[in-house]
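*Asks:* sequence-free structure coming up:
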């Protein structure tokens, strides 16, 4: 379905600046790291799931959270509520290996841009970071916990009305918080 | 004729005005002597501001170091004299620092480029947990927040000042004003300042009130930036959120105004206007030790 692209953010920092650094601070650093990540993303054609791995990153400041994560989402048309179809080939994003302190930098930046993103913290818990309403979050949890399926199956699992669930699933797909396929909606699996 | 600017015995973000007020009336090429003989104590904000003062002068000011051995030795350990040598003409040789000081968490350090911010964060990172947990009593996990605040504060110089500036981090017992230990971050530059930085990109806003105070409010309270990119301007408002969480105080002086995010333990007015004109922007963050439950 989706080609996985593993993006080690610390390795990108080493290539962009210096392998002695482990901290993502300053806008200039953020821009340089994003350029490295975009080079890697560009090597793979088609529909891709980019997994940004922060597990070897020390400090993440607001500027880098904005330049790396928010700008990647904005430039690839992900995370935002869209009124027009996104450009193709589409790219989905997940961040993993995030400490609570990373999320303290990331959450306000995503909120500032009205973006949402699937994140996995160091304890393996996945959630939506950023701006999403309660219905979106509930629909996302349903897809994530059940492993996905078509709208009717998901609705039945949650004892919900399929007509009421459908627009929220479509919204999650449009924001690329789940993957939409002909046979239903599927979570962004990191394996 | 040389004008003598006497440094008061206790030099901090408030008493520095006693130095800046007479300075504002002088021409940029006026000869100056900054006389710190009677100084007994100086905050990192004051030390960084003294460097900014010298940096703005067309003629290098003369400088006399504190007479007290203990004070002079401390100023040396803060790294002030090392930086001052480049901007002042010392009347007498400046004392040298022979050893570090556990109260000096980051000596007065020049910030001129993004790489300097990266170095500062790297340097402080190992000590950030000690600062926040052991010194101030916060959870160790707040160490990254400290580094983020430090990074964003320093970046204002690189992004907006148009010249280099200084950062310093120290801890001390703030007996007089709080009766608790504090960690103080000072970040000062002699650059454009908030109002001119904003005007360079956006022009003067069509408002009845547009001055240094209004520019500070726009940047710190509303997150406005001179950059048109909608992602910009988040640094200071996000620093403000940490101030609330830590019961800390943020104050920013620029031009003729000082805006403060004032915690319950302080009584400074949120906005002080009609101060003496002083170039650039000077930021002070005071993080007090937590009071045990």
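*Replies:* Alright, I've got the coordinates. Everything quoted here is computed from the prediction, not taken from an experiment.

*Asks:* give me the neighbour count for the nearest residue to residue B:174 once chain neighbours are set aside.
*Replies:* Closest residue to residue B:174 in three dimensions, ignoring its sequence neighbours and counting by Cβ to Cβ, 6 or more residues apart in numbering or on different chains: residue B:182, at 4.6 Å. For glycine as for every other residue, the C-beta is placed from the backbone atoms N, C-alpha and C. Residues lying near residue B:182 (other Cβ atoms under 10 Å in any protein chain shown) number 21.

*Asks:* how far does the helix or strand containing residue B:182 sit from its chain's centre?
*Replies:* Using DSSP states H and E, residue B:182 sits in strand B:180-189. Computed by Cα atoms, centre = their mean, to the nearest Å, the separation of strand B:180-189 from the middle of its chain amounts to 7 Å.

*Asks:* tell me the domain ranges of the chain?
*Replies:* By default, I'm working from chain A. A:1-131, A:132-191 (automatic domain parsing).

*Asks:* hmm, no, I was thinking of chain B.
*Replies:* B:1-96, B:102-293.

*Asks:* flag every residue of chain A that's near chain B.
*Replies:* Contacts of chain A with chain B, taken as Cβ under 8 Å from any Cβ of the partner chain, map to A:17, A:20-23, A:25-29, A:58-63, A:66-67, A:70-71, A:99-102, A:104-105, A:108-109, A:112-113.

*Asks:* buried only: go through the residues you listed for me.
*Replies:* A:17, A:21, A:23, A:25-29, A:58-63, A:66-67, A:70-71, A:99, A:101-102, A:104-105, A:108-109, A:112-113 (16 or more other Cβ atoms under 10 Å in any protein chain shown).

*Asks:* longest helix anywhere in chain A?
*Replies:* If you go by DSSP state H, chain A has its longest helix at helix A:27-42.

*Asks:* and the next helix or strand after that helix, which strands flank it?
*Replies:* Scanning forward in sequence from helix A:27-42 by DSSP H and E, the next helix or strand is strand A:48-53. Sheet pairing of strand A:48-53 (DSSP bridges) gives strand A:3-8 (parallel), strand A:91-98 (parallel).

*Asks:* name the nearest residue to the closest residue to chain B within chain A, ignoring sequence neighbours.
*Replies:* As assessed by Cβ to the nearest Cβ, chain B sits closest to residue A:101 within chain A, at 3.3 Å. Distances taken as Cβ to Cβ, 6+ apart put residue B:144 closest to residue A:101, at 3.3 Å, once the chain neighbours are dropped.

*Asks:* again, but for residue B:26
*Replies:* residue B:3 (6.0 Å).

*Asks:* quick check: which element contains the one you found?
*Replies:* Residue B:3 belongs to strand B:2-6 when elements are defined using DSSP H and E.

*Asks:* list the buried residues of that strand.
*Replies:* For strand B:2-6, burial by neighbour count (16+ other Cβ under 10 Å) applies to B:5, B:6.

*Asks:* that one: partners in the sheet, and parallel or antiparallel?
*Replies:* Sheet pairing here is set by DSSP bridges, and for strand B:2-6 it gives strand B:31-35 (parallel).

*Asks:* past the strand it pairs with, which element shows up next along the chain?
*Replies:* strand B:41-42.

*Asks:* so what touches that next one?
*Replies:* By Cβ atoms under 8 Å, 6 or more residues apart in numbering or on different chains, the list of residues contacting strand B:41-42 from outside reads B:7, B:9, B:10, B:11, B:12, B:50, B:71, B:75, B:80.

*Asks:* quick one: the helices in chain A?
*Replies:* Here chain A has its helices, by DSSP H, at A:9-16, A:27-42, A:62-64, A:71-75, A:100-113, A:134-146, A:151-157, A:162-174.

*Asks:* about what we covered before: in the longest helix of chain A, what's buried?
*Replies:* Across helix A:27-42, burial judged by 16+ other Cβ under 10 Å covers A:27-34, A:36-38, A:40-41.

*Asks:* in the stretch 151-293 of chain B, mark out all the strands, start to finish.
*Replies:* Remark: strands assigned in the stretch 151-293 of chain B by DSSP state E, counting those that start in this stretch are B:165-174, B:180-189, B:249-255, B:257-261, B:271-272, B:278-288.

*Asks:* enumerate the residues of the stretch 1-150 of chain B near chain A.
*Replies:* Applying Cβ under 8 Å from any Cβ, we find that the stretch 1-150 of chain B lies next to chain A at B:114, B:117, B:118, B:121, B:122, B:125, B:141, B:143, B:144, B:145, B:147, B:148.

*Asks:* which of these are buried?
*Replies:* The neighbour-count test (16+ other Cβ under 10 Å) marks B:114, B:117, B:118, B:121, B:122, B:125, B:143, B:144, B:145, B:147, B:148 as buried among the residues of the stretch 1-150 of chain B next to chain A.

*Asks:* quick check: which element contains the fourth one?
*Replies:* For residue B:121, the enclosing helix or strand under DSSP H and E is helix B:114-129.

*Asks:* what mean pLDDT would you report for that helix?
*Replies:* Helix B:114-129 shows an average pLDDT of 89 in the prediction.
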